[in-house]
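Colleague: model this:
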Amino acid sequence: MVSWTEEDCGVSTKAERFRVSYSTATGHADTFACHYIEDGITFVDAGVAGGGGGLWALYGLVRVVRARIYDATIVKLTTGWYAEVLRRLPAGSKMLDVGIGTGLALANNDEQLRAKSIAVDGVDYDADYVARCRTLLGERQLASRVQAHHASIYDFSGPGPYDAVYFSSSLMLMPDAVKALQHCVGMLKPKTGRVFVTQTIQNSHSKLVEIGKPLLKFLTTIDFGSVTYEEELLTTFKKAGLTLIEHVPISGSTMTSTRSFRLKVSTETKQSLLVNWLPPPKQPPYVASGGLKLDDILELEGSMSWLRRRNMAYTVGLAMGICILLMQGLGGRVEASVARLKKNAEPHDPVAATRGLITRRLGAKYTDQISLRALPSDADELDVFELGSDGDKLEIAANSATAMAYGLHWYFKSVLRTQTDWENHKLQLPDKLPKVDERVRLKRSSKFSYYQNVDTGSYSLWAWSWPQWEKHIDWMALNGINMPLAFTGQEKVWQNTFHKYYNVSYEGLGKFFAGSAFLSWGRMGNLRGSWVKGPLPQAFIDNQHELQLRILQRMREFGMIPALPAFAGHVPEDLKLTLPNANFTRSPNWGNFTDEHCCVYMIEPTDPLYREIGKVFLEEQRALYNYTSSLYQCDTYMEMAPEFTDLSELKGAARAVIDGMTAADPDAVWLMQGWPFVDDPNYWTRPRVKAYLDGVPTDKLIILDFYSEAVPIWNKMDNYFGKSWIYSVLHNFGGNTGMRGDLPTLATAPALAKRSGNGTLVGIGLTMEGIFQNYVVYDLILQMAWEDSPLDITKWVPKYAGRRYHTQNEHIEHAWNYLSRSVYNRTLAYGGVTKSLVCLIPHWGLLYDKFQPTLIKYDPNDIVLAWKELLLAGDELRNVDTYRHDLVDVTKQFLSNKLLEQYQHLKAIYSAKAVPANEVCDLTKAMLTTIDRLEEILATNEDFLLGNWIADALRLAGDLNVGGDGLTRSKLQEYYEYEARNQVTRWGDNNNEAIHDYAGKEWAGLVKGYYLPRWTMWLTEVCSAYTDHREMDVRALKEKRVTFELAWQLSHESFPTTTAGDSFLISKRIYSEYIDMNAVVPWDFFEAKALVM
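Modeller: Take a look at the predicted model:
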């Protein structure tokens, strides 16, 4: 038996000195002294008084510095665990950390603690750990936010109630885990409190591990507890009265060969919610260069525990060495795919490209005020820029054109307090550009900024001409985007491929190509053909090809790496006529279309023809473009799961895609959209995702983690099993225009994801379906590509507001404070932006908080308060175009919220049948008035006009009276106008309204010309049915509505392309009208202070 005493021998600024003595039952004694230096342990003196004393002295030394051993071996793992838990906590939460230990894992997440204003009480029974924890908290300046308590959790009753209780690998150390859980539940907030547990589990029983794991504390002085089996853990939760709501792996946290599964269980709660993360089943790659695997380490842990006492020092040293190797092995990765893309990127002249941008965007008078200089790249090849002065000029130096342009935009934002956006609002620039006082150097945190969803090309860009594209590519460069999607005009390549090489007729291709406004879904194999006014005109195919050549040329000038299209198996039906022996299949029905437009034909991946077409297409594309970037984007199963589930078939399907690419381009890299893994988790289980990705070599694939801000997949799939991936923000579906966002998550999650990525995260991306909405969301995420640490959103938002309006107006700061705490604080919100009821077919089932939600989960009074503050700033800013845009946007959101409130009230009184008919009818009239007001405010701003959308489409017809395929200009205009009208309304033809209003917009013209008549029909019937004491005639109402909608699709009514009225004056009048009037619906959420102008 050994007893220990520890004597503090004094403390210096660089060392902590201890004297340790021990005695044993046999009379042996030993004393030694040492001092611990931050970067190592140095022995000062070690005296041996008995046999074997040196070994026991080493063990004593290990025990003295065991807190440091814990930090060196365990904290790297648990830091990621803490990050996952903190990410799930709302801002302002209070958490109880049970088993805080040394506090280092928590302190490593200090940016998230500060950014989200999270307060923590930490409890630990180990005095050594608590002492070190308190010292660390002081050093990190966290003592005011985190309190460390030396106590047993069974005796602790802290200053709750808490929003969350967290057990980080500590539950398995509890002598009575059920009692510990129950005790903690009593300190949670009722109904909303949550319990989090992270720890390793074992699913296969092993006597060796059961015996060996408890003995590890004799090797490392760290108590790892006993083996925990999954069924025992779940039983513990059940006994404690908890309901499991999430059971998922933490990416990169595998420390044993345990396996885990995601459980789908009830989300109903009893006393609290439990969220539990477990290590993923995947084994990490070999560690270091010696080929040591984690399975070997597990076996070693089992055998080392049985070594004799005389070899203990050797055992401890070996165990610590393994931990060091493990951490080093997990810390570095070879980004072969990224390195290949960077290496093969076409050389460009950053100075010439940026000079051209300055001339186009700023004008000639600024060209001579800015000096540009190229920088060499660092070894990591990350983009970097420097700002300084060159005499009386501003100097910008950078290693790429996109870095140089981003540096210019950084100067706009940080020095001039102005910025660009995708509406191309005017930059507020002085005549003379001021110099930079101190030199600035900024480097990207990851290699790439990716831009666009495949759908964006249709929902926002399909009818653009070169002047619009030129401005937009400049916008990309100014925001550091160096990996844009480049899908324009690809139908020319497909036409050549299938007609020249496989004899498919032009008529057959006409049945294959989707309509001009729906090409995105034809390219993904969701649908085929162009309904009603088709086929796709040859003039469009040719003109878009010419446009693509200009787009690619400009992207190449900026040194961007455009993602080009590739073959994913989808083919024209008429290919069966020329290749009848090929192995064909059909994709599942997407969008409920009839056979003419659904169920696209595909070549089976096992057919050699699959690889052959993939090769021929890329070769033809390269010949037409005289260029390739070696980066290719395509999707095989976009929202259409395969009919097979065999893992080897899934692997083979992916292998066929990449084989077709590399046959034409040995340097090919596949850029894969990760949306299917989000959209259909029932099919895309962990084993299937792994099998599919395993079909592609690691250096040949980059995955867009498509919805990272709300439904991240990377952390459930162990960083996509070692493949490179990009943190991507989806945010928007269909180009809907409601206000909504999650700024706190965007300000923290990308940086935290990079830390947990083990080198696999290679970029930040924007994957929204439509642009021209909620610009603040995208401005923030674009900045995160250049940030290594989380941002404090409470500091970032005022800076954004100041540069957006080029002012320091206090009312603007107040307005954005209200917006950032409400509509832009929807943490982990799923389903896109809020959908306005006005854009939907009226019926009684319009209230839901799911995909494209209509309900709002913030205090609507914050919109009113923000609106008021914006109006108060109007005297100064009413002529600033960004101000006018945002004032219209906020007024629009208020009216949408008002319509929602009126609808909810109408539904309640109509169902109750307890009020006079005139009250119901008056309310229906008030709702129509709200829609009128919405049209009125939207018409004041050019960014919200249907007329511009249709005008762009009409311009596609060109100036000639007859197009290249014999169609007259008027016929082409009819085709394009139908496409434009159909996409934002019925979205298809004869498909049972499956995608109806998906792409609805709050645009002037669309509100008055399309939505208002539908609501008038329905509300008139509501009033009439209530008055007559009868059921609503739903069938007749639908027939009337459909007749109107179909006629509107084919009409040629013109809509204004210029504004009507003053945004400020009309918004101010609407504010007075709605806030001051005695509304039929009581506005109980307005506070008195918001009612006075």
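
Colleague: all helices for the stretch 651-800 of the chain, in order.
Modeller: For the stretch 651-800 of the chain, the helices defined by DSSP state H, counting those that start in this stretch occupy 675-679, 686-694, 718-721, 743-756, 775-784, 793-805.

Colleague: how about TSV for those helices, with mean neighbour count and mean pLDDT added?
Modeller: Heads up, the C-betas are built off the backbone N, CA and C, glycines and all. Listed next are the helices of the stretch 651-800 of the chain as TSV, based on neighbours: other C-beta atoms under 10 Å; pLDDT from 0 to 100:
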stretch	mean neighbour count	mean pLDDT
helix 675-679	22	97
helix 686-694	20	98
helix 718-721	24	97
helix 743-756	24	97
helix 775-784	22	99
helix 793-805	19	98
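
Colleague: now those helices in a markdown table, please, with extra columns for distance to Q428.
Modeller: Shown next, in a markdown table, are the helices of the stretch 651-800 of the chain (distance: least, C-beta to C-beta, whole Å):
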| stretch | distance to Q428 |
| --- | --- |
| helix 675-679 | 38 |
| helix 686-694 | 47 |
| helix 718-721 | 43 |
| helix 743-756 | 24 |
| helix 775-784 | 16 |
| helix 793-805 | 9 |
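
Colleague: out of those helices, nearest to L900?
Modeller: helix 775-784 (21.7 Å; C-beta to C-beta).

Colleague: now do the closest one and helix 793-805, the angle between them.
Modeller: 110 degrees (axes from the mean of the first three to the mean of the last three C-alpha atoms, to 10 degrees).

Colleague: and the contacts of helix 775-784?
Modeller: Identification of contacts with helix 775-784 by C-beta atoms under 8 Å, 6 or more residues apart in numbering yields 419, 421-423, 445, 449, 479-481, 729, 731, 741-743, 746-747, 750-751, 764, 766, 768, 771, 791, 796-797, 800, 824.

Colleague: name only those of these that count as buried.
Modeller: Among those, those classed as buried by 16 or more other C-beta atoms under 10 Å are 419, 421-422, 445, 449, 479-481, 729, 731, 741-743, 746-747, 750-751, 764, 766, 768, 771, 791, 796-797, 800, 824.

Colleague: pLDDT below threshold where in the protein?
Modeller: 1-73, 201-228, 247-339, 342-344, 960-964, 1076-1093 (pLDDT under 70).

Colleague: care to break it down by domain?
Modeller: Domain ranges of the chain: 2-64, 68-330, 449-796, per automatic domain parsing.

Colleague: centre of the chain to the longest one, how far?
Modeller: Distance, stretch centre to chain centre, for domain 449-796: 16 Å (C-alpha atoms, centre = their mean, to the nearest Å).

Colleague: for it, measure first residue to last.
Modeller: The stretch domain 449-796 measures 20 Å between its terminal residues, going by C-alpha to C-alpha, to the nearest Å.

Colleague: just checking, T1020 touches T924?
Modeller: Yes - between T1020 and T924 there is a contact under C-beta atoms under 8 Å: 7.4 Å.

Colleague: who has more neighbours out of those two?
Modeller: Set T1020 next to T924 and count neighbours by other C-beta atoms under 10 Å: T924 wins out with 23 against 14.

Colleague: that one: which element?
Modeller: Using DSSP states H and E, T924 sits within helix 917-938.

Colleague: output that helix as PDB, nothing but the C-alphas.
Modeller: Written as PDB, here are the backbone C-alpha positions of helix 917-938 (Å, rounded to 0.1, in the frame of the first residue of the first chain):
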ATOM      1  CA  ALA A 917     -71.400  37.600 -40.100                       C
ATOM      2  CA  ASN A 918     -70.400  41.200 -40.600                       C
ATOM      3  CA  GLU A 919     -67.400  40.700 -38.300                       C
ATOM      4  CA  VAL A 920     -66.100  37.900 -40.400                       C
ATOM      5  CA  CYS A 921     -66.700  39.800 -43.600                       C
ATOM      6  CA  ASP A 922     -65.100  42.900 -42.300                       C
ATOM      7  CA  LEU A 923     -62.000  40.900 -41.400                       C
ATOM      8  CA  THR A 924     -61.900  39.400 -44.900                       C
ATOM      9  CA  LYS A 925     -61.900  43.000 -46.300                       C
ATOM     10  CA  ALA A 926     -59.200  44.000 -43.900                       C
ATOM     11  CA  MET A 927     -57.000  41.100 -45.200                       C
ATOM     12  CA  LEU A 928     -57.500  42.300 -48.800                       C
ATOM     13  CA  THR A 929     -56.500  45.800 -47.700                       C
ATOM     14  CA  THR A 930     -53.300  44.400 -46.200                       C
ATOM     15  CA  ILE A 931     -52.500  42.700 -49.500                       C
ATOM     16  CA  ASP A 932     -53.200  46.000 -51.300                       C
ATOM     17  CA  ARG A 933     -50.700  47.800 -49.000                       C
ATOM     18  CA  LEU A 934     -48.100  45.100 -49.700                       C
ATOM     19  CA  GLU A 935     -48.400  45.700 -53.400                       C
ATOM     20  CA  GLU A 936     -48.100  49.400 -52.800                       C
ATOM     21  CA  ILE A 937     -44.900  49.300 -50.800                       C
ATOM     22  CA  LEU A 938     -43.200  46.800 -53.100                       C
END
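
Colleague: outside of the host helix or strand of Y978, which residues touch it?
Modeller: Per DSSP H and E: Y978 is located in helix 969-983. Residues outside helix 969-983 that contact it (C-beta under 8 Å, 6+ apart): 458-459, 463, 515-518, 530, 532-534, 537, 539, 949-950, 952-954, 956-963, 967, 988-989, 999, 1048-1052.

Colleague: ok, 7 Å please
Modeller: For helix 969-983, contacts defined as C-beta atoms under 7 Å, 6 or more residues apart in numbering pick out 463, 515-518, 532-533, 537, 539, 949-950, 953-954, 956-958, 960-961, 963, 999, 1048-1050, 1052.

Colleague: what is the helix ranked longest in the chain packed up against?
Modeller: With secondary structure taken from DSSP state H, the chain has its longest helix at helix 881-912. Packing partners of helix 881-912 (3 or more C-beta pairs under 7 Å, 6 or more residues apart in numbering; DSSP states H and E): helix 793-805, helix 861-872, helix 917-938, helix 1063-1076.

Colleague: looking at those, which is buried most?
Modeller: When the helices and strands packed on helix 881-912 are scored by mean count of other C-beta atoms under 10 Å, the highest mean neighbour count falls to helix 861-872 (a mean of 22).

Colleague: about what we covered before: and the longest helix of the chain with helix 917-938, angle?
Modeller: Using the same axes, to 10 degrees: helix 881-912 against helix 917-938 is 170 degrees.

Colleague: which parts of helix 881-912 are buried?
Modeller: 881-903, 905-906, 909-910.

Colleague: that helix to helix 861-872, inter-axis angle?
Modeller: 140 degrees.

Colleague: compute the first-to-last residue distance for stretch 167-175.
Modeller: One end of stretch 167-175 sits 14 Å from the other (C-alpha to C-alpha).

Colleague: same deal with stretch 587-601?
Modeller: 6 Å.

Colleague: for whatever helix or strand I396 lives in, which strands pair with it and how are they oriented?
Modeller: Assigned by DSSP H and E, I396 belongs to strand 393-398. Sheet pairing of strand 393-398 (DSSP bridges) gives strand 370-374 (parallel), strand 384-390 (antiparallel).

Colleague: related to what we said a few turns ago, pull the residues that contact the helix or strand just after the helix holding Y978.
Modeller: Heading C-terminal from helix 969-983, the first helix or strand you meet, by DSSP H and E, is helix 1006. Applying C-beta under 7 Å, 6+ apart, the contact partners of helix 1006 are L946, V984.

Colleague: ditto for stretch 158-173
Modeller: 78, 81-82, 85, 89, 93-99, 105, 121, 149, 177, 184, 187-189, 192-199, 223, 225-226, 228.

Colleague: cool, stretch 407-424 as well?
Modeller: By C-beta under 7 Å, 6+ apart, the list of residues contacting stretch 407-424 reads 354, 385, 387, 394, 396, 398, 427-429, 434, 436, 442, 471-472, 475, 478-479, 771-772, 775, 802-804, 806, 885, 943.

Colleague: for it, what is the distance to the chain centroid?
Modeller: Centroid separation between stretch 407-424 and its chain, computed with C-alpha atoms, centre = their mean, is 24 Å.
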